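*Asks:* sequence first, then the predicted structure, then my questions.
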Amino acid sequence: MSKFDFPTSILSRPVYGTLEPRPGAAHLFIADAHGAEAILDVAGVDTSLMAKAHVIYLPNGEGYGDALRALKPAKYYEGPSYPASVQRIRKAFADAKMGLQVYLAGTEGLIGQAQNEAMQAGIPHTAIQTEHRGSTARRMQCVHCKGITENVETDPFVCAHCGLNLFVRDHYSRRLAAYQGVCIDAEDPGNVPAAKGIYE
């Protein structure tokens, strides 16, 4: 199942909706993994969008590429990872004209980073839709060394950069497109609870 109902949390935590077709001069879809399902759902409601659509898809091991290509978008790109595709994403935003509608779907890491690029390019927030699909793993920043650890699924976790045991917080930075992790055993070194799934 690719949809997940996130529990209620603090105000900084992102809230995701459901993508829906909107009128626009052009349509930019950026998705990873199961986010492709959201694109397919939108196209099923309004197939005419694809004639003016640019689809950027990062499979992450999922096999939706053929189904997305079958929609016959005006432009289609399939990339190996977000870092490998970020220049293409930036160019898509830099080339954007008035009336662009942006659709972001998939993991929180992809949505947050692409939304950050859109905002830096001056895309109005009213033209950006988001829908979470797939993994609930988080992109985490260590508040101590500032390193980013991707795909964190347990709490606590070990920072990939400095090795500290970090508590997974719900505090989210839109600027960094990452949640914040704080040392869990700073006052009592070595006293680290057993790791469990973030949403257990």
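*Replies:* Yep, it's here.
*Asks:* list the buried ones in the biggest strand by length in the chain?
*Replies:* For the chain, the longest strand by residue count, based on DSSP state E, is strand 165-173. Neighbour counts over strand 165-173 (16 or more other C-beta atoms under 10 Å) mark 165-169, 171-172 as buried. (C-beta placed from N, C-alpha, C; glycine too.)
*Asks:* which residues sit against the helix or strand just after that strand?
*Replies:* Along the chain past strand 165-173, the next helix or strand (assigned with DSSP states H and E) turns out to be strand 178-183. Applying C-beta atoms under 8 Å, 6 or more residues apart in numbering, the contact partners of strand 178-183 are 112, 138-144, 148-149, 152, 157, 159, 164-173.
*Asks:* next SSE downstream of strand 178-183?
*Replies:* strand 196-197.
*Asks:* and the gap between residue 64 and residue 38?
*Replies:* Using C-beta to C-beta, to the nearest Å, residue 64 is found at 10 Å from residue 38.
*Asks:* more neighbours, the two?
*Replies:* residue 38 (27 against 18; other C-beta atoms under 10 Å).
*Asks:* what's the closest non-adjacent residue to that one?
*Replies:* residue 105 (3.7 Å; C-beta to C-beta, 6 or more residues apart in numbering).
*Asks:* same check, this time on residue 94
*Replies:* residue 121 (6.2 Å).
*Asks:* for burial, what's the neighbour tally of that neighbour?
*Replies:* Neighbour tally, residue 121, other C-beta under 10 Å: 17.
*Asks:* residue 89 is in contact with that one, correct?
*Replies:* No - counting by C-beta atoms under 8 Å, residue 121 stays clear of residue 89, with 9.5 Å between them.
*Asks:* can you list the weak-confidence ranges in this protein?
*Replies:* The model of the chain has pLDDT under 70 over residues 1.
*Asks:* hmm, 90 instead?
*Replies:* Across the chain, the ranges flagged by pLDDT under 90 are 1-3, 12, 47, 125, 200.
*Asks:* need the strands for it, in chain order.
*Replies:* Assigned by DSSP E, the strands in the chain fall at 26-32, 53-58, 75-78, 100-106, 128-132, 138-142, 148-152, 154-155, 157-158, 165-173, 178-183, 196-197.
*Asks:* just put these in JSON lines and tack on distance to residue 15.
*Replies:* Compiled in JSON lines, those are given as follows (distance: least, C-beta to C-beta, whole Å):
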{"stretch": "strand 26-32", "distance to residue 15": "18"}
{"stretch": "strand 53-58", "distance to residue 15": "23"}
{"stretch": "strand 75-78", "distance to residue 15": "28"}
{"stretch": "strand 100-106", "distance to residue 15": "13"}
{"stretch": "strand 128-132", "distance to residue 15": "9"}
{"stretch": "strand 138-142", "distance to residue 15": "15"}
{"stretch": "strand 148-152", "distance to residue 15": "20"}
{"stretch": "strand 154-155", "distance to residue 15": "21"}
{"stretch": "strand 157-158", "distance to residue 15": "24"}
{"stretch": "strand 165-173", "distance to residue 15": "11"}
{"stretch": "strand 178-183", "distance to residue 15": "14"}
{"stretch": "strand 196-197", "distance to residue 15": "21"}
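*Asks:* alright, calling it a day.
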